[in-house]
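Asks: give me a model of this one.
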Amino acid sequence: MIATSWFRHALDHIPHLIGKRAEQEQLSRILKVAIDHDPNIRCLDHVMVYHTGEKAFVELHVVMDEKLPLKITHDICHPLEKKLQRLEFVERAFVHCDYSCDGD
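Replies: Numbers count the residues shown, from 1 in each chain. Take a look at the predicted model:
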């Protein structure tokens, strides 16, 4: 009985352990936070949200004007990472700043 219970519990968690994609509602919340974060963010080029445990990892590429100084882009991206990590379902967020939408 204990082995059966353990096995069922393990089966329930396997998708989270092997990189299950996030739920649509979670993705929508992440996109809203990112889009509303700062008017200098022109678009989101790449968004990836996946589980490697109970919580999700977020990879996000934001596009800003290439003429913005590094300090400004950093001062936009770093707080965005922290804001995303405050979402209850996010373990870690990685925000990359780019100057063009190229899908990479």
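Asks: report the contact partners of the most centrally placed residue in the chain.
Replies: The centroid of the chain falls nearest to residue 58 when counting by C-alpha atoms, centre = their mean (2.0 Å). Contacts of residue 58 were listed using C-beta atoms under 8 Å, 6 or more residues apart in numbering, and they are 30, 47, 48, 49, 84, 90, 92, 93, 94. Heads up, the C-betas are built off the backbone N, CA and C, glycines and all.
Asks: switch the cut-off to 7 Å
Replies: Counting by C-beta atoms under 7 Å, 6 or more residues apart in numbering, residue 58 touches 30, 49, 84, 90, 93, 94.
Asks: which parts of the protein are helices?
Replies: 2-17, 24-37, 70-85 (DSSP state H).
Asks: which secondary element of this protein has the worst mean pLDDT?
Replies: For the chain, using mean pLDDT, DSSP states H and E, the weakest element among its helices and strands is helix 2-17, scoring a mean of 52.
Asks: and the residue nearest to the residue nearest to the centre of the chain when sequence neighbours are not counted, how close does it get to residue 60?
Replies: Excluding its sequence neighbours, the residue lying closest to residue 58 (C-beta to C-beta, 6 or more residues apart in numbering) is residue 93, at 4.1 Å. Residue 93 sits 7 Å away from residue 60, going by C-beta to C-beta, to the nearest Å.
Asks: before we move on, what about residue 38?
Replies: Taking C-beta to C-beta, one finds residue 38 at 13 Å from residue 60.
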